[in-house]
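K.L.:
A structural model of the following input is requested.
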Amino acid sequence: MSAPRPQPEPGTMAGPAAGTARRRPGSSHDPRHDRPAVPLPRPRGPPPPALLRGRRALLAAVALLVAATAVGLVALWPPAAPESPIEEPDRLKGTITDLQRVPCFEGGEEGLSTADELADSGFAPDDDCSAVTFRVDEGPDAGTVITSVTGNDAFEREGQGVVLFRATEGDLTPEQAYQIGDVQRGPPLLALGALFLIAVLALGRLRGALAVVGLAISVLILVKFLVPALLAGQPPVLTAVVGASAVMIVVLVLAHGPTLRTATAMVGTAGALLLTIGLAAAFAHFASLSGVTSDDAIYVEAIFGTVDLRGLLLAGIVIGALGILDDVTVTQVSTVYELRAANPAMPPRALYTSALRVGRDHIASTINTLLLAYAGASMPLLVILATSGAGLTDTLTNGVVAEEVVRTLVGSIGLIAAVPVTTALAAAMAPAVTRTPTTFVAAAPPEVDPPPPGFFGDHWANRSRRGEHESDG
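P.N.:
You can find the predicted model right below:
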C-alpha cells in the first residue's frame with residue numbers, strides 16, 4: 001500500500017509536481033525557486049458601494065430609455081398606413097413557353113409598327129428583340145397562350161416563371177390586357193434564405209435563432225412603424241430616433257440576453273446614435289441636402305406630396321449606422337469582460353487602455369466597411385460619375401454624392417465616438433477583485449532526460465557542473 005500523497009499547505013496551490021520537483025542531473029539547484037509566485041485572487045466579496053451605485057445608474061438609464069421608446073412608439077404610431085393613389089394592376093403567375101429573336105422593326109401587331117415608334121423606343125432598325133410566348137397560369141384566363149415582342153433580355157430560358165400584370169379597365173383582349181412585369185424569384189430566394197438560416201443556427205445555435213427573431217422584428221418595426229409614420233407626416237428626426245431605439249433594444253436583448261453587458265452596450269449605442277442623428281440633421285441643413293436626388297425619391301414625392309424627403313434621408317442615415325454601432329459596442333463590452341476574466345486583478349484604467357487598443361483596430365476596418373457598403377449600393381452612380389469628366393471637387397459636391405459623403409462621414413464619427421464611451425462604461429461596470437490576493441507555488445518543470453553521449457552530452461555535463469558551483473557559492 002503506497003503512502004498518502006502530501007497535501008499543499010492552506011492558502012497555497014501546487015501543481016502536479018509541486019513539493020516533489022526533481023533537480024536536473026548533477027545540479028543541487030531547486031527549480032521551484034526559478035519562478036516567482038503567481039497571484040491567485042480569492043473569491044470576491046460584495047461589490048464596493050461605488051460600483052453598486054454605478055450599476056444602479058446604468059440600469060436606471062436603460063429603464064428610462066426603454067420607457068421613452070415605448071412612449072414614443074405609442075405617440076407616433078400612425079393610425080393607418082397611407083395608400084398609394086395609383087391603382088396597381090393584378091399580379092398573376094405565368095410561364096414562358098417559347099423564346100425567339102426577331103427584328104424589332106417588322107411591322108404588324110407583333111412588332112414596332114412604325115419608324116417613329118421605333119425611334120421613340122430607343123431601338124435601331126437592325127436591332128433584335130425578343131418574341132416571348134408565355135402561358136397564363138392563374139386567373140380568369142388561365143391556360144391562355146400569348147406572344148409579345150419586347151426589347152427586354154431578362155428572360156433566360158423556356159419554362160421560366162414570370163409575373164404578369166393584368167389590366168382590368170375597358171374591354172381588352174388577352175393580348176392587350178397581359179404583359180410581363182417581372183421574373184418569379186421566389187424559389188431561389190427561399191433557397192438562399194434557408195441556407196442563411198442553416199449557417200446561423202449551425203454556428204450560433206440558440207443565440208443565432210434569437211438573432212434571426214430579432215432581425216424579423218426589426219423589419220416589422222421599419223415596415224409597420226417607421227415608414228408609415230414618416231408618410232403620415234410625423235416629425236422625421238424624432239420618428240427616426242424612436243424607431244432606431246426600438247430596433248436596438250429588441251436586437252440587443254434577444255441576441256445577448258438581459259444582462260449587465262447588454263445594458264452597457266445599449267447605453268453606449270444610444271449615446272452614439274444621438275450624436276449621429278444630431279450631426280446628420282446639422283450637416284443636412286448646412287449642405288442643403290433635400291433628399292430629392294434619385295428617381296425613387298421623386299416618385300415618392302409625386303405620390304405622397306406631404307412626405308419630408310430630408311426626413312427620409314436622416315432616417316436612412318440613422319438606420320444605416322445603427323447596425324454597425326451595435327457591432328462595435330457589443331464587441332467592446334465583450335472585450336472588456338473577457339480581459340477582466342483573464343486577469344481579475346487588472347485595474348480599471350489598464351482594462352480600459354487594453355480594450356481601447358482592440359477598439360482602434362476594429363474601427364480602422366469598420367469605417368472601411370461602411371464606406372464600401374454605401375459605395376457598393378451606389379455602384380451605377382459611381383460608373384456615371386467616373387465617366388462624366390467632372391473634377392473631384394465637382395463630383396464630391398454633387399447632390400447625390402454629397403448625400404453619400406454625409407452619410408459615410410456622419411456614421412463614421414458615430415462609430416468612433418461609440419468606442420471610447422462604451423469601453424469606459426464597460427471598464428467601470430465590470431466586476432473587479434476587492435480583496436488582497438494570496439499566492440501559490442509555481443509547479444516545477446518536468447524532468448528532462450539528458451541527451452546521449454557526445455558533444456551535446458559533454459555540453460550538458462559542463463552546464464550541470466556550472467550549476468553545482470553556482471549553488472555552492
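K.L.:
List the contacts of Asp295.
P.N.:
Applying C-beta atoms under 8 Å, 6 or more residues apart in numbering to Asp295 gives no contacts. All C-beta spots, glycine's among them, are computed from the backbone N, C-alpha and C.
K.L.:
And it, how close does it get to Arg310?
P.N.:
17 Å (C-beta to C-beta, to the nearest Å).
K.L.:
repeat for Leu252
P.N.:
The gap separating Leu252 from Arg310 is 29 Å, by C-beta to C-beta.
K.L.:
Please identify which of the two sits among more neighbours.
P.N.:
Between Leu252 and Arg310, counting by other C-beta atoms under 10 Å, Leu252 is the more crowded of the two (22 against 19).
K.L.:
in which helix or strand would I find the more buried one?
P.N.:
Using DSSP states H and E, Leu252 sits in helix 236-256.
K.L.:
Tell me the gap between the helix or strand following that helix and the middle of its chain.
P.N.:
Next helix or strand after helix 236-256 toward the C-terminus (DSSP H and E): helix 260-286. In terms of C-alpha atoms, centre = their mean, to the nearest Å, the centre of helix 260-286 is found 16 Å from the chain centre.
K.L.:
Same check on stretch 314-331?
P.N.:
With C-alpha atoms, centre = their mean, you get 8 Å for stretch 314-331.
K.L.:
now swap in stretch 129-139 and tell me
P.N.:
Centroid separation for stretch 129-139 versus its chain: 41 Å, with C-alpha atoms, centre = their mean.
K.L.:
now stretch 326-333
P.N.:
Using C-alpha atoms, centre = their mean, the distance between the centre of stretch 326-333 and that of its chain works out at 11 Å.
K.L.:
residues making contact with it?
P.N.:
The contact list for stretch 326-333, computed with C-beta under 8 Å, 6+ apart, reads 248, 251-252, 256, 261, 264-266, 268-269, 272, 355, 358-359, 362-363, 366, 415, 418-419, 422-423, 425-426.
K.L.:
which regions of the chain sit below the pLDDT cut-off?
P.N.:
1-47, 81-87, 104-127, 151-156, 305, 432-473 (pLDDT under 70).
K.L.:
Could you point out the longest helix of it?
P.N.:
Across the chain, the helix with the greatest residue count (assigned by DSSP state H) is helix 186-221.
K.L.:
Give me the distance between Leu385 and Thr397.
P.N.:
From Leu385 to Thr397 the distance is 12 Å (C-beta to C-beta).
K.L.:
Return the list of helices and strands in contact with the helix or strand containing Asp361.
P.N.:
Using DSSP H and E, Asp361 maps to helix 348-377. Here helix 348-377 touches helix 309-342, helix 399-429, going by 3 or more C-beta pairs under 8 Å, 6 or more residues apart in numbering; DSSP states H and E.
K.L.:
distance of Asp327 from Thr369?
P.N.:
9 Å.
K.L.:
So these two - more neighbours on which side?
P.N.:
Just comparing Asp327 and Thr369: by other C-beta under 10 Å the higher neighbour count belongs to Asp327, 16 against 12.
K.L.:
mind listing what's buried in the longest strand seen in the chain?
P.N.:
Looking across the chain with DSSP state E, the single longest strand is strand 90-103. Going by neighbour count (16 or more other C-beta atoms under 10 Å), the buried part of strand 90-103 is Leu92, Lys93, Gly94, Thr95, Ile96, Pro103.
K.L.:
Now those residues in CSV, please, with extra columns for distance to Phe225.
P.N.:
Below are the buried residues of strand 90-103 laid out as CSV (distance: C-beta to C-beta, whole Å):
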residue, distance to Phe225
Leu92, 32
Lys93, 32
Gly94, 35
Thr95, 38
Ile96, 40
Pro103, 52
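K.L.:
Go through these and say which is closest to Gly411.
P.N.:
The closest of the buried residues of strand 90-103 to Gly411 turns out to be Lys93 (C-beta to C-beta; 40.7 Å).
K.L.:
For the stretch 51-200 of the chain, just list every one of the strands.
P.N.:
Remark: strands assigned in the stretch 51-200 of the chain by DSSP state E, counting those that start in this stretch are 90-103, 128-136, 145-150, 161-166, 178-183.
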